[in-house]
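Trainee: this is a predicted model, with the sequence first.
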Amino acid sequence: MHGYSDHKNELLKRLRRAEGQVRGIHRMIEEDTYCIDVLTQVSAATKALERVALELLDDHLSHCVAEAAREGGEVADEKLKEASAAIARLVR
């Protein structure tokens, strides 16, 4: 079971909202909407996806990484490296 399983529906709801925002951006481009208005929507969609990513990261740390840390050894080391790499991808 994944760490996000307890609130999977909430994550899916956020993703559907972000998907709607991206479709709206597509429509704005098709309709030749003013650049700044499109950029504002791109920023909103980006922030929505970042919130999903941060929530998933928090779940991963509190569930998968914490469990691996309790086990210790190579599994713990690997999970910590994996989490560190995920954080690095998010902040780039």
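Mentor: Sure thing, it's come through.
Trainee: distance between the helix with the most length in the chain and the chain's centre?
Mentor: Once the chain is assigned using DSSP state H, the helix that runs over the most residues is helix 35-59. Mean-position distance between helix 35-59 and its chain equals 9 Å (Cα atoms, centre = their mean, to the nearest Å).
Trainee: what lies in contact with it?
Mentor: For helix 35-59, the external contacting residues (Cβ atoms under 8 Å, 6 or more residues apart in numbering) are 2-4, 7, 11, 14-15, 17-18, 21-22, 24-25, 28-29, 83, 86-87, 90. From N, CA and C alone the C-beta is placed, and that goes for glycine too.
Trainee: now for Gly3: which residues touch it?
Mentor: Residues near Gly3 by Cβ under 8 Å, 6+ apart: Leu56, Asp59, His60, Ser62, His63, Cys64.
Trainee: swap in 10 Å and give it another go.
Mentor: 55-67 (Cβ atoms under 10 Å, 6 or more residues apart in numbering).
Trainee: filter those down to the buried ones, PyMOL style.
Mentor: The PyMOL selection below is limited to those of those classed as buried (16 or more other Cβ atoms under 10 Å):
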select buried, resi 55+56+57+59+60+61+63+65
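Trainee: which stretches in the protein count as helices?
Mentor: 8-30, 35-59, 66-71, 73-91.
Trainee: ok, back up a step: which one among the contacts of Gly3 gets closest to Val75?
Mentor: Glu67 (8.9 Å; Cβ to Cβ).
Trainee: picking up where we left off before, let me have the contacts of Gly3 in JSON lines, extended by pLDDT and distance to Thr33.
Mentor: Below are those laid out as JSON lines (pLDDT from 0 to 100; distance: Cβ to Cβ, whole Å):
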{"residue": "Glu55", "pLDDT": "94", "distance to Thr33": "30"}
{"residue": "Leu56", "pLDDT": "94", "distance to Thr33": "31"}
{"residue": "Leu57", "pLDDT": "94", "distance to Thr33": "33"}
{"residue": "Asp58", "pLDDT": "93", "distance to Thr33": "35"}
{"residue": "Asp59", "pLDDT": "93", "distance to Thr33": "36"}
{"residue": "His60", "pLDDT": "92", "distance to Thr33": "37"}
{"residue": "Leu61", "pLDDT": "93", "distance to Thr33": "39"}
{"residue": "Ser62", "pLDDT": "92", "distance to Thr33": "41"}
{"residue": "His63", "pLDDT": "92", "distance to Thr33": "41"}
{"residue": "Cys64", "pLDDT": "90", "distance to Thr33": "41"}
{"residue": "Val65", "pLDDT": "93", "distance to Thr33": "42"}
{"residue": "Ala66", "pLDDT": "93", "distance to Thr33": "45"}
{"residue": "Glu67", "pLDDT": "92", "distance to Thr33": "47"}
